[in-house]
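In: requesting a structural model of the entry that follows:
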Amino acid sequence: MGNGYVCIVSFIYRDIVFSKANRYMGIKLEPGSNKVLLKIKNLDKLTDKQLRISLYDSGKKLKQTASTNILKKPKSGRKYIRRDKLGRRRVHIASAPGESWANRTGEARRGLVYRVSGTDKLIFGNIVEHAAYMENGTSNVKPRPAHLISIRQNNKNITRYIKNRIDKALKG
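Out: Next up, the predicted model:
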């Protein structure tokens, strides 16, 4: 994902164990249950697909929330007078520590990315190099954690996406 900031988010659904060895525990088959057996064999593929879809939906929501928070005004940081490309004076209000960073050029906001890796990992980050400094802070600047704020705001939604998709796969 380039040299930018990367935040790896792993999700665990508490009611279902996702390791392949444990997916079949507790299931007893009776004679003449070929249809059930077929469904159990495909459960692995069904749940994997639904997990990937739910993580994709979660990444999309995280990116949307982070972008909304970055654009949200008013910020409560320091005011700066800067000049735009045409030389006009503009007032820019920076973000305070703990807020999502303020949108100045839009480059970091447009650099928000997510990727699903396997069935248990969502990578949510930014491809712009200076996003890591804004997110984590430096020795002179305190952090403005746009990614972390987005994850905290969507924690319940992500769990719900995963639960709904797994339920859909199990109901088949």
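In: helices of the protein, start to end?
Out: For the chain, the helices defined by DSSP state H cover 34-71, 107-110, 131-136, 146-171.
In: which other residues reach stretch 131-151?
Out: Residues outside stretch 131-151 that contact it (C-beta atoms under 8 Å, 6 or more residues apart in numbering) are 4-5, 7, 9, 62-63, 65-66, 69-70, 95, 97-101, 108, 111, 124-126. For glycine as for every other residue, the C-beta is placed from the backbone atoms N, C-alpha and C.
In: stretch 82-89 too?
Out: The set of residues external to stretch 82-89 that reach it, using C-beta under 8 Å, 6+ apart, is 81, 90, 92.
In: if I pick the first one, what's in contact with it?
Out: Spelled out, it's Ile81. Here Ile81 is in contact with 89-92 (C-beta under 8 Å, 6+ apart).
In: quick check: Ile166 touching Asp48?
Out: No: counting by C-beta atoms under 8 Å, Ile166 sits too far from Asp48 to count as a contact (10.5 Å).
In: of those two, which one has the most company?
Out: More crowded of Ile166 and Asp48, by other C-beta atoms under 10 Å: Ile166, with 19 against 16.
In: quick one: low-confidence residue ranges for the protein.
Out: Within the chain, the segments meeting pLDDT under 70 span 1-43, 172.
In: before we move on, the earlier item: just the helices of the chain: most buried one?
Out: Of all those, helix 131-136 has the most neighbours on average by mean count of other C-beta atoms under 10 Å, namely a mean of 20.
In: got the CA positions of that one in CSV?
Out: Extracted as CSV, the C-alpha positions of helix 131-136 are listed here (Å, rounded to 0.1, in the frame of the first residue of the first chain):
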residue,chain,number,x,y,z
ALA,A,131,-1.0,10.7,6.7
ALA,A,132,1.1,8.6,9.2
TYR,A,133,2.4,11.8,10.8
MET,A,134,-1.1,13.3,11.1
GLU,A,135,-2.5,10.0,12.5
ASN,A,136,0.3,9.2,14.9
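In: returning to what we had before: want to throw the helices of the chain into JSON lines with distance to Val116?
Out: Conversion of the helices of the chain to JSON lines gives the following (distance: least, C-beta to C-beta, whole Å):
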{"stretch": "helix 34-71", "distance to Val116": "5"}
{"stretch": "helix 107-110", "distance to Val116": "20"}
{"stretch": "helix 131-136", "distance to Val116": "20"}
{"stretch": "helix 146-171", "distance to Val116": "12"}
